[in-house]
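Chemist: sequence below, structure please.
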Amino acid sequence: MVTRHVGVYPGTFDPVTGGHTDIIRRARRLVDHLIIAVAVNAGKGPMFGVDDRIDMVAKETAAFNQDGGCTVEVRPFETLLVHVARDCGAQVIIRGLRAVSDFDYEFQMCGMNARIEPNVETLFLMASERQQFVSSRFVKEIARLGGDAASFVSPAVHERLMRRIEAERKAGTHKDQIGAPA
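Modeler: You can find the predicted model right below:
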């Protein structure tokens, strides 16, 4: 009997960055099926709705399903992550770490998840050297303030990001200060 290894890579993906796709690419070497769980996270005030974020992630990862390796599935979630992992038969939650500051939060979350669902492990992947400083929040701030965010996201995501910012400007909801609520 062949055992299928399933992993879950969660996030808000608002928007999906090169750092996210790097972790996805590397996580595919570790599991047979990777579920990218897009958090609804309405409380975080995401720039993009969950359907837009799912669509962006699905388009960014579509080519991964063409190579005959690990399959990638994108789906939303708005419950406890460990329940998502358990319900889809995942043995592992994959988390990306950029810096030491990420570790403290992730370490605490890992401990809580292990208490709730001891049969699901958490695996940390360090961000690649070129991606260690990239975050969705910074990408949005750079773009909103007129900087060039194109090197942090794919061309398709960059185009959507700039269209959204232009729509915010036209609607008068554009945030033009670093640290302004999103």
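
Chemist: which residue ranges of the chain form strands?
Modeler: Shown for the chain, the strands assigned by DSSP state E span residues 6-11, 33-39, 71-77, 92-97, 121-126.

Chemist: with distance to residue 50 added, can I get those strands in a markdown table?
Modeler: Glycine gets a C-beta too; all of them are placed from N, C-alpha and C. Converted to a markdown table, the strands of the chain look like this (distance: least, C-beta to C-beta, whole Å):
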| stretch | distance to residue 50 |
| --- | --- |
| strand 6-11 | 12 |
| strand 33-39 | 6 |
| strand 71-77 | 5 |
| strand 92-97 | 20 |
| strand 121-126 | 23 |
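
Chemist: can you list those strands in CSV and add mean pLDDT and distance to residue 136?
Modeler: Shown next, in CSV, are the strands of the chain (pLDDT from 0 to 100; distance: least, C-beta to C-beta, whole Å):
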stretch, mean pLDDT, distance to residue 136
strand 6-11, 96, 8
strand 33-39, 97, 12
strand 71-77, 96, 16
strand 92-97, 94, 12
strand 121-126, 94, 17
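
Chemist: indicate which one of these is closest to residue 19.
Modeler: strand 92-97 (6.7 Å; C-beta to C-beta).

Chemist: packing partners for the helix or strand bottoming out on mean pLDDT in the chain?
Modeler: Ranking every helix and strand in the chain by mean pLDDT, DSSP states H and E puts helix 100-116 at the bottom, with a mean of 88. Identification of packing neighbours for helix 100-116 by 3 or more C-beta pairs under 8 Å, 6 or more residues apart in numbering; DSSP states H and E yields helix 81-87, strand 92-97, strand 121-126.

Chemist: follow-up on the earlier one: next, format the strands of the chain as TSV and append mean neighbour count and distance to residue 143.
Modeler: Formatted as TSV, those follow (neighbours: other C-beta atoms under 10 Å; distance: least, C-beta to C-beta, whole Å):
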stretch	mean neighbour count	distance to residue 143
strand 6-11	23	19
strand 33-39	24	20
strand 71-77	18	23
strand 92-97	22	21
strand 121-126	16	26
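
Chemist: what's the closest of those strands to residue 156?
Modeler: Closest to residue 156 of those is strand 71-77 (C-beta to C-beta; 14.9 Å).

Chemist: how far does that closest one sit from its chain's centre?
Modeler: 11 Å (C-alpha atoms, centre = their mean, to the nearest Å).

Chemist: partner strands of that strand, parallel or antiparallel?
Modeler: In the sheet, strand 71-77 lines up against strand 33-39 (parallel) (DSSP bridges).
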